[in-house]
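Peer 1: just coords:
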């Protein structure tokens, strides 16, 4: 299956159309660069406090329902915002690692929903905690949320829940199990938070729980990413009015035409178009959703080396 694996990796290249992982990292990177540029301008004029109050406060999510009511969009923008260069680089590294594995296992259309569910769930729980638990509010009246950590935590736990024994770095004694990789991530994340940042502790734990719950529900037949992807598709189509929509029946998803070929005759050649269709399906849904026929086609293509 070496050829199939190599072809699939080509589909995951940087800049690939529909690669949710690349798109997610690009959004984080663009907003980070914008905020850093504005911060640089303010710091050159010795106005760092003004940057935090006049600019950053419009992107981070305050842990106060009263403040949030005046800037409700921050429940989304906070999870794409970051101040620290080191923390940003670290977060993008972990996002790429866990996100790549998740896309390999489940396809493209689960990554962003899990990221958003983790971040939104974290925001809600932090708001409820600071609003209903008396001990939190006096300790941190100006608490806020910033960073991709809850979303990445959701992706990490979701990926580990799916395949805890997934091996990475196979050249190291056969590979490191994914659950060990996740445990290292959790330890680093906890150590880096600090002892006084209660809001971030709550947010990250909630993000991890959201990732677990998402996979738990998927295994029981409820896929929380479907409605969200429909919204994404609708929004994307608004900016592509000339986009041709190809109506595909469920039958087209799993079979291809062999008109004129006798049922008992083995097909000697496999078309590149058919291989591309199967690789696209892996990219969108994951390898485990292939039919036996599609797996057989990939195996024959690898054996014949006819790509």
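Peer 2: Nice, thanks for sending it over. Remember, predicted model here, so these are calculated numbers, not experimental data.
Peer 1: for the residue positioned nearest the centre of the chain, what are its contacts?
Peer 2: Nearest residue to the geometric centre of the chain (CA atoms, centre = their mean): residue 111, 3.2 Å. Listed by CB atoms under 8 Å, 6 or more residues apart in numbering, the contact partners of residue 111 are 20, 21, 24, 99, 102, 103, 155. C-beta here means a position set from N, CA and C on the backbone, and glycine is covered the same way.
Peer 1: most neighbours, which of those?
Peer 2: residue 155 (32 neighbours; other CB atoms under 10 Å).
Peer 1: for residue 79, which residues are in contact?
Peer 2: 115, 116, 119, 145, 147, 148, 150, 151.
Peer 1: how about 10 Å then?
Peer 2: 27-28, 61, 115-116, 118-120, 122-123, 145-152, 203, 207 (CB atoms under 10 Å, 6 or more residues apart in numbering).
Peer 1: out of those residues, which sit inside helices?
Peer 2: Among the contacts of residue 79, DSSP state H puts 27-28, 115-116, 118-120, 122-123, 149-152, 203, 207 in helices.
Peer 1: flag the shaky bits of the stretch 1-150 of the chain, pLDDT-wise.
Peer 2: Scanning the stretch 1-150 of the chain for pLDDT under 70 picks out the ranges 1-18, 134-141.
Peer 1: strands along that one, start to end?
Peer 2: Applying DSSP state E, counting those that start in this stretch to the stretch 1-150 of the chain gives strands spanning 61-62, 144-145.
Peer 1: can you add mean neighbour count and give those strands back as a markdown table?
Peer 2: Output for the strands of the stretch 1-150 of the chain, formatted as a markdown table (neighbours: other CB atoms under 10 Å):
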| stretch | mean neighbour count |
| --- | --- |
| strand 61-62 | 26 |
| strand 144-145 | 22 |
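Peer 1: would you list these in a markdown table and tack on distance to residue 291?
Peer 2: Formatted as a markdown table, the strands of the stretch 1-150 of the chain follow (distance: least, CB to CB, whole Å):
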| stretch | distance to residue 291 |
| --- | --- |
| strand 61-62 | 44 |
| strand 144-145 | 43 |
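Peer 1: closest to residue 94 out of those strands?
Peer 2: strand 144-145 (17.7 Å; CB to CB).
Peer 1: list of residues touching the closest one?
Peer 2: Strand 144-145 is touched from outside by 56-57, 59-64, 67-68, 74-75, 78-79, 81, 119, 122-123, 126-127, 197, 199-200, 202-203, with contacts defined as CB under 10 Å, 6+ apart.
Peer 1: ok, of those, which come out buried?
Peer 2: Those of the contacts of strand 144-145 that meet the buried threshold are 56-57, 59-64, 68, 74-75, 78-79, 81, 119, 122-123, 126-127, 199-200, 202-203, by 16 or more other CB atoms under 10 Å.
Peer 1: can you verify my assumption that residue 92 contacts residue 22?
Peer 2: No: counting by CB atoms under 10 Å, residue 22 is not a contact partner of residue 92; they are 11.3 Å apart.
Peer 1: joint contacts of the two?
Peer 2: By CB under 10 Å, 6+ apart, the residues touching both residue 92 and residue 22 are residue 99.
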